[in-house]
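Chemist: Need coordinates for the below:
(2 chains)
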There are 2 protein chains.
Amino acid sequence: MAVRAGLRLFIGCGAVSRRQVIRSFCRVHRIQAASSVTSHEGHRTPDLSSFGSRSHTCGELNSAHVGQEVTLCGWLQYQRGDVFLILRDLHGLTQVILPSDEESSQLRKKMKETPLESVLLVKGKVIVRPSGQENPILNRCKPLPFEIKDFVKKSESLRMQYRYLDIRSAQLQYNLRLRSTIVMKMREYLCNQHGFVDVETPTLFKRTPGGAKEFLVPTQERGKFYSLPQSPQQFKQLLMVGGVDRYFQIARCYRDEGTRPDRQPEFTQVDIEMSFVDQLGIQQLVEGLLRYSWPEEKGTLPDPFPIMTYAEAMNSYGVDKPDTRFEMKITDVTAQLRTTQLGFVQKALEKPHGCVKAIRVPEGTEVLAIAVKSDGSWKSPLAKHLSEEQKNDLADATGAEAEDLLLVAIGQHSTVCPALGRLRLGVASHLEGCGVSLRDPSVFHVLWVVDFPLFLPKEDNVEELESAHHPFTAPHPEDMDLLYNEPAKVRSQHYDLVLNGNEIGGGSIRIHNAELQRWVLQNVLKEDVGLLSHLLEALESGAPPHGGIALGLDRLISIIVGAPSIRDVIAFPKSLRGHDLMSSAPDYVSPEELQPYHIQVTDK
Amino acid sequence: MAVRAGLRLFIGCGAVSRRQVIRSFCRVHRIQAASSVTSHEGHRTPDLSSFGSRSHTCGELNSAHVGQEVTLCGWLQYQRGDVFLILRDLHGLTQVILPSDEESSQLRKKMKETPLESVLLVKGKVIVRPSGQENPILNRCKPLPFEIKDFVKKSESLRMQYRYLDIRSAQLQYNLRLRSTIVMKMREYLCNQHGFVDVETPTLFKRTPGGAKEFLVPTQERGKFYSLPQSPQQFKQLLMVGGVDRYFQIARCYRDEGTRPDRQPEFTQVDIEMSFVDQLGIQQLVEGLLRYSWPEEKGTLPDPFPIMTYAEAMNSYGVDKPDTRFEMKITDVTAQLRTTQLGFVQKALEKPHGCVKAIRVPEGTEVLAIAVKSDGSWKSPLAKHLSEEQKNDLADATGAEAEDLLLVAIGQHSTVCPALGRLRLGVASHLEGCGVSLRDPSVFHVLWVVDFPLFLPKEDNVEELESAHHPFTAPHPEDMDLLYNEPAKVRSQHYDLVLNGNEIGGGSIRIHNAELQRWVLQNVLKEDVGLLSHLLEALESGAPPHGGIALGLDRLISIIVGAPSIRDVIAFPKSLRGHDLMSSAPDYVSPEELQPYHIQVTDK
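Modeler: Residues are numbered from 1 along each chain as shown, chains lettered A, B, ... in the order given. Predicted coordinates:
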C-alpha cells in the first residue's frame, strides 16, 4: 500500500506530548526481532508499546492495520525523492510518504534537509494515498562517523569510540537482546522452578591470598584498600554455611591481567551454589539450566551431556577443553614404533612416560606437505627408517589412508599430548582457511570434563604443588587416602563445562570440613591460613556439604551467537588494553583528588 | 505422630552419597517459607529438593507422608533427652527420634556429644515408632559465639562478624528470600511483559565531572585511574541513543561518602530508561512494576499513585519526601497573625516571603508542654500577646481544640517550612515513643512528588546555581522560556517516588537536544563540557526523547519488610565505617602489591 504523511517539524527539546494527533500512512517490512520471542512458559508476548508515545513498532504494521490511526517513533534510515521516508526502529522498517500537495512543499523541503539518523515521530492512518498532516522531527542528527548499515565496514576502534552508534546495528541489537532473553530464562529456571535465591554479594572485599589479579580500591583510611574479587567464591560458600541452601547470582567479577586476548577487566558469571548435593546433582542442574534457556533457533542440547575424564581429554585431544566437533583425535602408536631402530625414538621411549602419538588428518595431503601419498608411498623423514610392517601397523593404528596426513610426536606424555593438541587445532583452522568444511557453525558440542587432578606442580618450582583450580575444591572420595601421602596423585571433585572447545564453566564440590581445609592450605599449599581464618571458622560452625559452579556468561553468549569476540556481546566493552575508547577511561586524576585516599603516583 | 531413627555417624569430609539408605521417622512443624510463594503468573511451586540429597525439606512432611521413605538434611537445632532431635532447615523443623534399643546406645551417646548446629542427614520412613538404622552427621559444629534463636539478642558488631550465622535467623532468611522474589517479579514485569532489555553496563568507568564521591581504581598505566560510578546514568542514556528503546538493569552502584547513617559504599538500584516516553508514561510503568512485584501479604498499592507537587510537599510537610501516613500538616496562619503587635512577628512579615506557619498536634498536650489547655486557656509565651479574636482565628485556621498542641514558626518561607517539617517528624517519633499509635506499621503510603526546581542555589555560594538532581534533567516544557532569563524559576521534569516518608526512587525526562544540554552545562552550571563531550556528541547523533528512573532497591526492600536498616536486607553489609567485620576489609596492602599500580601511600 502507498503511504502519505504530513510532518510538523519541531526540532529541539520538545517533549513528546501524547496530545499531538497527526496523520500519516505507512507501508511495512518485517525484520527478525529477538525480543518478540515468547518464552517456553507461554508468557504472553511483551507489550513493546506500553507507557510510551508510539502505538506500534516499525516492525508491527501489516494489512490488518489499514485504516487505523497509528503512531510510530524511530530513526530516519533513508529518503528517496521528495516524498518517501524509511523510518527504522529496532523491530523493523516502515515506509512513510509525505504529502505531495502544494501546501506541504515547505515540509518536504525541510525533510530533505534533515540528516539521516534524525529521530522522528510519525502519526497517521494506515491507508492508500490520501492527504496527511504533521509529524515532528524529535531530534536532528549531525553527520555521523559511519553509516548504520551492516555491510559498511568500520574499524574496531571507531566502533568502540562510537559504541552508541554501533549498538544500532542489527547484529549488536540481536546479541544484546538474546543475552537478556537467555539470562531471563536462566532466572526463571533457577528461581521459579528450583527455588534458588538470588543473593547479591559485595564487590568491595578483602584481598585474597595470592590475589595478584585483583584490582585495588583505595579508601579514605590511610593505607587501607578494598579489593575487587575475581569471583564470589568465599561469599557463596558462606551463604551455604548461613543456610541459604540454593544460591545464584549473575555476578560481576573483576580481573586485572593486563592485555590478554579477548579478556575484559570486568566480566559476568552465572554463579551457583547449593547444599546437600553431589557432583552429579550440580551437573544435572546445569544441564537443565542450559537446555531451558537455550534459544529455540539454535537447536537442542543433548540429554544428558557427554562426560569425559581429564585423562581421556588429554590423551585424545591434548587439552582439557576438547573441541569434539571434529575427529583427528590423538592415537597412541608407541607399540607400533617400539621396535624401530631410530635412536631418538628409542631414547625417548626409555624415559618414564615416553611415548609416540599421532594424529591422522583425513585428506590432509591436499593442504600439507608430509603425508601418505596417493600411490601409498610415504612422504616423511621418518619413512625411510620404518619397515613396511611398521608402516602398516601405524596405518592400521591410525586408520591412515591414501591422501591422509599423519602428524607424529615423540617424547614424554605430558608434553607430547598438549603439543599434538595445539597442532590439531592449528591444522583445523588451516584446513578451514583453505575451504575444507570441518566444523558446522550451527552445531554445538557440549561436554563435561571431570576427574581433574586436585593439585599441579608449580610452574616456577615443580617440587611444590598448587591448586589446579582453587584451594576449596574437595578431593575425589576414592582418592582420600592418597591425600596425605601422594597429594599429586589425588583427583578432585572439580568439573568443567566445555562448549565447542571453550571452557564455559567450572565448578566443584567444596571442602566442608575445617580440618581438611586447614590441612590442604597449610600442608599442601603452604599458605598463610590466617588470611582465611573467617572461612575456616565458618566451616567449623556447621557447614553443610555443598558445591557449585560458575558459568562464563560473556563467553557462553558469544559462542551461541557465533561472535568472534566477547566484546560483541557486551554493551560497552573495554579495548584490549582495558580502555573505554568512548569516554577515554581510565584517565589521569589530579593530586588533589588523590589526597582523600592518602595515595600518590610514584615517580618513574 | 511419634518418630524414631537410627543414625550412622560419619563426621568428616565424606561426600553425601545418594546410595546410603537409612531409615528414620519424623514429626513435622511448618513455619512460613517465603520462597514457596507462587507467582502471579501461576508458576508452579519451585522444586526445592531437585538435584540434591534430600527428598523433602524439614517444612514439608505431614501425615500424608506416613510410610514414605524420606531423606532430610539440616542443622541440629535442639536435643531433648536421649532420643529426641530437632532438625532444622530454612523451611521448617522436623522432630527425629533415635532408636532406644540396646544396640543403638553407642549412637545415642555419640549424638549427645554432638554440638548444636552440626549438620545431619537423616533418612527413614515416616511412621509411628518402629526401629531405625543409621544417619550420618555431615559436619560437626564447634561452640558458636551466639545461639541461632531469634530471641537471643546479639550486638550488631557480633552479628556482622559472624554474618554467616546471623543469616541462619528466620528474619534474615525471610528478608533475603523476599528480596529475591520481588526482584524476580520485577524482571518478569519488565522483560516478559513489557519488552525491556536487561543490559549490563560497566562499573570501571571514567571519573565524572564533580564526582567527588566516586571510588578510584588504580590501573597498571602510570597515573591513570578508573572510577566506580554512582549510577549508570550516562550509559543508560547512551543505550537510548543506541536504539535499545527499553533498558533496565538491577545495577550495582558505588558511593564513597565516608560514614553516613544507613548508607553503604555499594548499593543496588533498579535502573530503568526508555525512549519515546513522557513523565506520565514512566510513572505508569513504575506503578505497574511495584503493584506487580508487591508481596501479597503486604496488602495492595493504590492505582494510580497520588501525585503531589514539590511546592505542595514543602508547604504542607516541610520536606520533599512527605510521610503522609499521619496528618499534622503545616498550616499557613500569616493572615491570622498579621495584625499582631508583636515586634518580631511584624519584622519577619515585612521581609520577602515572611510568613507564620503552624502545626496542630492533636491531643499533643498529653505529651508536650506548650499547648491549648483543656479549659481553653493557652499555655504559650505568645498567648498574652494575642487578642481573643486572634486566638479564635488561629484555632479556626488550624482546627486546634482543647488538649491540642500548636507549634508555630515565624520567618522566611524557605526556612520555616523545613523547620516545621523536621519538628513534625520529631514530634511523631516522640508521640510514638510515648505509646501514641500514629503510623500503622502494616500500612504503606506511596506517592509521586513532581515539579521540582531544575536548579538550586549552591550551598556555599547562593549566587550560583547547581542542578537540583543532575545536569541531564529536562526543563518543564511550560518553563522553557524562563530557562534563558530566570533559570532559578524553572521547574524540571524530575519525579521522586516516596514511600512512607522515604525517597525510594527518582527519575526524569532527560535533555535529548545537544544544544540545550550544552547551554545548561556551560551557561547555567559553568561546567567543563569537555569532560562530557562523548555524551554531547551522542545527543547530536540522533538521540530519541527519553527518560527513566532509578529505584533504591535496598531501601525499598527494607521498608517492605519493616527492617530498621538497609543492612538487614543485604547479605554481607559493611559497617557504618565501611568495614567488613567478617573478613576485616578494607585492609593494609604491602608496598610491593602497590608497585604494579605505580602508587604509594603518602606520609602522614
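Chemist: which intervals of the stretch 201-350 of chain A have sub-threshold pLDDT?
Modeler: Applying pLDDT under 70 to the stretch 201-350 of chain A flags residues A:210, A:258-259.
Chemist: For the residue of it found nearest chain B, give me its contacts.
Modeler: Closest residue of the stretch 201-350 of chain A to chain B, Cβ to the nearest Cβ: A:Gly242 (3.0 Å). (Each C-beta comes from the backbone N, C-alpha and C, glycine too.) By Cβ atoms under 8 Å, 6 or more residues apart in numbering or on different chains, the contact list for A:Gly242 reads B:163-168, B:172, B:571.
Chemist: Excluding chain neighbours, what is closest to it?
Modeler: Counting by Cβ to Cβ, 6 or more residues apart in numbering or on different chains, B:Ile167 is the residue found nearest to A:Gly242 once chain neighbours are left out, at 3.0 Å.
Chemist: The one you found against B:Asn175, yeah?
Modeler: No - the criterion here is Cβ atoms under 8 Å, and B:Ile167 misses it with B:Asn175 at 9.6 Å.
Chemist: picking that back up, scan the contacts of A:Gly242 and report the most crowded one.
Modeler: B:Tyr164 (27 neighbours; other Cβ atoms under 10 Å in any protein chain shown).
Chemist: wait, isn't that residue in contact with A:Phe235?
Modeler: No - between B:Tyr164 and A:Phe235 there is no contact under Cβ under 8 Å: 9.3 Å.
Chemist: Can you check which helix is longest in chain A?
Modeler: The single longest helix within chain A, with elements called by DSSP state H, is helix A:413-433.
Chemist: So which elements touch whichever strand or helix holds A:Leu121?
Modeler: In this structure, A:Leu121 is located in strand A:119-125 according to DSSP states H and E. When contacts are defined as 3 or more Cβ pairs under 8 Å, 6 or more residues apart in numbering or on different chains; DSSP states H and E, strand A:119-125 sits against strand A:69-80, strand A:84-89, strand A:137-139.
Chemist: In its sheet, which strands sit next to the longest one, and in what direction?
Modeler: Strand A:69-80 has these partner strands in its sheet, going by DSSP bridges: strand A:84-89 (antiparallel), strand A:119-125 (antiparallel).
Chemist: Can you lay out these as TSV showing mean neighbour count and mean pLDDT?
Modeler: Compiled in TSV, the strands paired with strand A:69-80 are given as follows (neighbours: other Cβ atoms under 10 Å in any protein chain shown; pLDDT from 0 to 100):
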stretch	mean neighbour count	mean pLDDT
strand A:84-89	22	88
strand A:119-125	26	84
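Chemist: Tell me which residues of stretch A:59-76 come out buried.
Modeler: A:59-61, A:65, A:70-76 (16 or more other Cβ atoms under 10 Å in any protein chain shown).
Chemist: ok, now stretch A:293-301?
Modeler: A:293-294, A:298, A:301.
Chemist: Likewise for stretch A:452-464?
Modeler: A:452-455.
Chemist: May I see these arranged in TSV, with secondary structure as well?
Modeler: Below are the buried residues of stretch A:452-464 laid out as TSV (DSSP: H, G, I helix; E, B strand; the rest coil):
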residue	secondary structure
A:Phe452	coil
A:Pro453	strand
A:Leu454	coil
A:Phe455	strand
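Chemist: Turn these into a markdown table, columns for pLDDT.
Modeler: Converted to a markdown table, these look like this (pLDDT from 0 to 100):
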| residue | pLDDT |
| --- | --- |
| A:Phe452 | 98 |
| A:Pro453 | 97 |
| A:Leu454 | 97 |
| A:Phe455 | 97 |
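Chemist: between the strands paired with strand A:69-80, which gets nearest to B:Ser541?
Modeler: With Cβ to Cβ as the criterion, B:Ser541 lies closest to strand A:119-125 of the strands paired with strand A:69-80, at 9.9 Å.
Chemist: Report pLDDT for A:Thr45.
Modeler: Confidence at A:Thr45, expressed as pLDDT, is 81.
Chemist: Can you give me the neighbour number for A:Asp332?
Modeler: So A:Asp332, with other Cβ under 10 Å, has 17 neighbours.
Chemist: Backbone dihedrals for the residue of the stretch 51-200 of chain A found nearest chain B, please?
Modeler: Nearest residue of the stretch 51-200 of chain A to chain B: A:Ile167, at 3.0 Å (Cβ to the nearest Cβ). With angles defined as degrees, to the nearest 10, A:Ile167 sits at phi -70, psi -20.
Chemist: how about the strand holding A:Leu121 as CSV, C-alpha atoms only?
Modeler: Only the C-alpha atoms of strand A:119-125 are listed here, as CSV (Å, rounded to 0.1, in the frame of the first residue of the first chain):
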residue,chain,number,x,y,z
VAL,A,119,14.7,11.0,15.2
LEU,A,120,11.1,11.3,14.0
LEU,A,121,7.6,10.8,15.5
VAL,A,122,5.1,9.9,12.8
LYS,A,123,1.3,9.8,13.4
GLY,A,124,-1.3,8.9,10.9
LYS,A,125,-3.8,6.4,9.4
